[in-house]
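Asks: just coords:
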C-alpha cells in the first residue's frame, strides 16, 4: 500500500520525529538519575576567599554638544558587542570631511554614462 497524500506523509514523519525526541528525553532523565558525579558535586567545598571589590572605572569624557541619548546608544551598541563601557575613554565628534568626498567619488564612479 503506497500513499501519495502529502498530509499523511507529514503526519507520519512528525510522529516519528516526536517519538524519537520523547525517547531521547527519557534517556537524558535516566542519565540524570544514575549520574555518578552528582555525589561528588554535592560534597561541601572550602569557601573561596572573598575577592576584593573592583575599582570603579573612570567615566568617559563626553564632549559638549553630544546628547545623552547618543551616549546611551553608544553604550548599548558596545554592550551588544560584548565590550564594557568602562573601556571607553572619550566620546567626541569626529571631524571627517573625507566622508563627503568619498560619497561624491562613489556617486561619480557608479554613474552610468548614456
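Replies: Yep, that arrived. This one's a predicted model, so the numbers in the text were calculated from it and none came from an experiment.
Asks: Buried residues in the strand or helix carrying residue 73, which are they?
Replies: Assessed by DSSP states H and E, residue 73 sits inside helix 68-80. Of the residues in helix 68-80, 74-75 count as buried by neighbour count, 16 or more other C-beta atoms under 10 Å. Where you see a C-beta, it was placed from the backbone N, CA and C, and this is true even at glycine.
Asks: Give me the distance from that helix to the chain's centre.
Replies: Centroid separation for helix 68-80 versus its chain: 16 Å, with C-alpha atoms, centre = their mean, to the nearest Å.
Asks: which secondary structure elements does it contact?
Replies: Secondary-structure packing of helix 68-80 (3 or more C-beta pairs under 8 Å, 6 or more residues apart in numbering; DSSP states H and E): strand 90-91.
Asks: ok, and what's touching the strand it packs on?
Replies: When contacts are defined by C-beta atoms under 8 Å, 6 or more residues apart in numbering, strand 90-91 is touched by residues 60-63, 66, 70-71, 74.
Asks: if we go to 7 Å?
Replies: 60-63, 66, 71, 74 (C-beta atoms under 7 Å, 6 or more residues apart in numbering).
Asks: Would you give the sheet partners of that strand, along with the direction of each?
Replies: strand 61-62 (parallel) (DSSP bridges).
Asks: Show me what the mean pLDDT comes to for the strand it pairs with.
Replies: For strand 61-62, mean pLDDT rounds to 81.
Asks: before we move on, what about stretch 88-95?
Replies: Mean predicted lDDT for stretch 88-95 stands at 77.
Asks: farthest-separated two in the contacts of strand 90-91?
Replies: The distance between the two most remote of the contacts of strand 90-91 (C-beta to C-beta) is 13.0 Å, for 61 and 74.
Asks: Outline the domain layout of this protein.
Replies: 6-42, 61-110 (automatic domain parsing).
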